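*Asks:* Test case, fold it:
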Amino acid sequence: MKRSFRNRQDEDAKIDITPMLDVVFIMLIFFIVTASFIKESGAKVDKPIAETFEKKPKATILLAVNEKDEIWLDRRKVDPRAIKANLNRLRAENPEGEVILQADEESSAEILMKVVEAFKEAGIAVPTIATESE
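*Replies:* Take a look at the predicted model:
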């Protein structure tokens, strides 16, 4: 008689971890989804300060020019001649996305003009330039 009571007690002592696993999987899905919406250019840029600015909520394509005049797009260093092709590819993937140029204060005007020309060739007449607010 004692034996059957002990087996019954061991069965009742088990902890059901199914609800905990459900919570963990939901959190994992949440972090995966939110991480896919965060876009970065791949370069650290000190943006110039502007007195007037407009927030752009649909910034999904970021092109950055750092202080060494390196061009970064989609976390990869890009040659100035390949900007147009890369922009066309990224805009085909996301036609509603806004293209934003992040230029470092120390970058040269020559490389910025090459980037602006590539924007124009890709069909972006007036590029949006990222700045810091005061």
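*Asks:* List the contacts of Leu73.
*Replies:* Neighbouring residues of Leu73 by C-beta atoms under 8 Å, 6 or more residues apart in numbering: Ser41, Gly42, Ile61, Leu62, Leu63, Ala64, Ile83, Asn86, Leu87, Leu90. Quick note: C-beta positions are derived from backbone N, CA and C, even for glycine.
*Asks:* That one bridge partners, please.
*Replies:* Leu63, Arg76 (DSSP bridges).
*Asks:* Report pLDDT for it.
*Replies:* Note on Leu73: pLDDT of 85.
*Asks:* and it, how far is that from Leu87?
*Replies:* Counting by C-beta to C-beta, to the nearest Å, the gap from Leu73 to Leu87 is 8 Å.
*Asks:* ok, now Thr34?
*Replies:* The gap separating Thr34 from Leu87 is 25 Å, by C-beta to C-beta.
*Asks:* Of the two, which one has the most company?
*Replies:* Leu87 (22 against 9; other C-beta atoms under 10 Å).
*Asks:* what about that one, which helix or strand?
*Replies:* Using DSSP states H and E, Leu87 sits within helix 83-93.
*Asks:* Go through that helix and flag the buried ones.
*Replies:* By 16 or more other C-beta atoms under 10 Å, the buried positions in helix 83-93 come out as Ile83, Lys84, Asn86, Leu87, Leu90, Arg91.
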